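A.B. asks: Please find the sequence and the predicted model below.
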Amino acid sequence: MADPKISLASFASIFLGACAAASDGTLYFGWLAATLIGIFAIEIAKNASGEIFDWNSGNDQAVMPEDRSPFSGGKRVLVDKLLTKRQTAGIALAGYAIGGITGLIIFLEREPSVLWLGIIGIALAFFYHAPPLKLSYRGMGELAVAASYGPLIGAGTYLVQRGTVSSAIILVAALLGVFIAAFLIINEFPDFHADQAAGKRTLVVLLGRKLASQLFVAIIAVAFLIALLLPLLQFSPALWLGLIAVVPSFSASKRLLANPETTAQIIPAQANALLTFILFALGSGVGFLLS
């Protein structure tokens, strides 16, 4: 249910926020661990509650064998009968409870401003799938992911450490959020028919796979362009280390544009999209430390 491949998104954002915080002062590892535990618990809870709502909509059951991918199609714990719906709900409840309690401890003992970030984070996690908002079913899931895995987690990690938020971490974390949202978009391609049948209006369903592949390339290109301009905005040139992510992103873009409708051909592009946000977080994080 945790799905380490997907959890890398939250870990990348935490890493980026921690590096930015370390560049500005002492890093408090106990509070960093609390941040990690809280966010990881909410991530597991989101996966679990999402499984239930996607099962109820028929989304996960509609994924055909030829469209199965290691990166998409849900966690499949209900489809493959690894868990019952009751057990899955229990995991969701426990995860949200652990995340909420951890957030309250940070709020009471460390940083009061975290309360609002925590409330927003839990709300986005739950209502990503759940009614009445059902963000992922209404063309807003990608934006929610960009906000959550970018500035919310990255700047939130920085906030716990420093008690404030810098413009640098907000901007760089937002760029990371764009790359993570791009990873979500490419993961929607294999699920195109299943999402369409379940009424899940992802960007790929709304635009069609050919146009969505062009959007994928466009948002990545714009994000890299902004990253290239960071020194002109008075940020350290060391942040250019994040540009190492251009290499896997180019490969992902080239393959997706050539094969937007064949899952077997898209899977390597999904892997490179994953590598893109990981390398951007690693490079930018080291850039913060060097600055």
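C.D. replies: Now that the structure is in, tell me what you want to look at. Residues are numbered from 1 along each chain as shown.

A.B. asks: Any regions of the stretch 151-291 of the chain where pLDDT drops low?
C.D. replies: Of all residues in the stretch 151-291 of the chain, none has pLDDT under 70.

A.B. asks: Strands of that one, residue ranges please.
C.D. replies: Assigned by DSSP state E, counting those that start in this stretch, the stretch 151-291 of the chain shows no strands.

A.B. asks: Spell out the residue ranges of the helices in it.
C.D. replies: Applying DSSP state H, counting those that start in this stretch to the stretch 151-291 of the chain gives helices spanning 153-162, 167-187, 192-198, 203-207, 209-228, 246-258, 263-290.

A.B. asks: and if you look at the stretch 1-150 of the chain?
C.D. replies: 4-23, 29-57, 85-109, 114-127, 141-147.

A.B. asks: nearest to residue 252, of those?
C.D. replies: Across the helices of the stretch 1-150 of the chain, residue 252 has its closest neighbour in helix 4-23 (14.9 Å, CB to CB). The C-beta positions use only the backbone N, C-alpha and C, and glycine is treated the same way.

A.B. asks: CA atoms only for that closest one - export them in CSV, please.
C.D. replies: Extracted in CSV, the C-alpha atoms of helix 4-23 (Å, rounded to 0.1, in the frame of the first residue of the first chain):
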residue,chain,number,x,y,z
PRO,A,4,7.9,3.1,-2.6
LYS,A,5,8.0,4.3,-6.2
ILE,A,6,5.2,6.8,-5.5
SER,A,7,6.5,7.7,-2.0
LEU,A,8,9.7,8.9,-3.7
ALA,A,9,7.7,12.0,-4.6
SER,A,10,7.2,13.0,-1.0
PHE,A,11,10.7,11.9,0.0
ALA,A,12,12.1,14.1,-2.8
SER,A,13,10.2,17.1,-1.6
ILE,A,14,11.2,16.5,2.1
PHE,A,15,14.8,16.2,1.0
LEU,A,16,14.7,19.4,-0.9
GLY,A,17,13.1,21.3,2.0
ALA,A,18,15.6,19.8,4.5
CYS,A,19,18.6,20.8,2.3
ALA,A,20,17.3,24.4,2.0
ALA,A,21,16.8,24.5,5.7
ALA,A,22,20.3,23.1,6.4
SER,A,23,21.8,25.8,4.1
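
A.B. asks: Next, the angle from that helix to helix 263-290.
C.D. replies: Orientation check (axes from the mean of the first three to the mean of the last three CA atoms, to 10 degrees): helix 4-23 against helix 263-290 gives 10 degrees.
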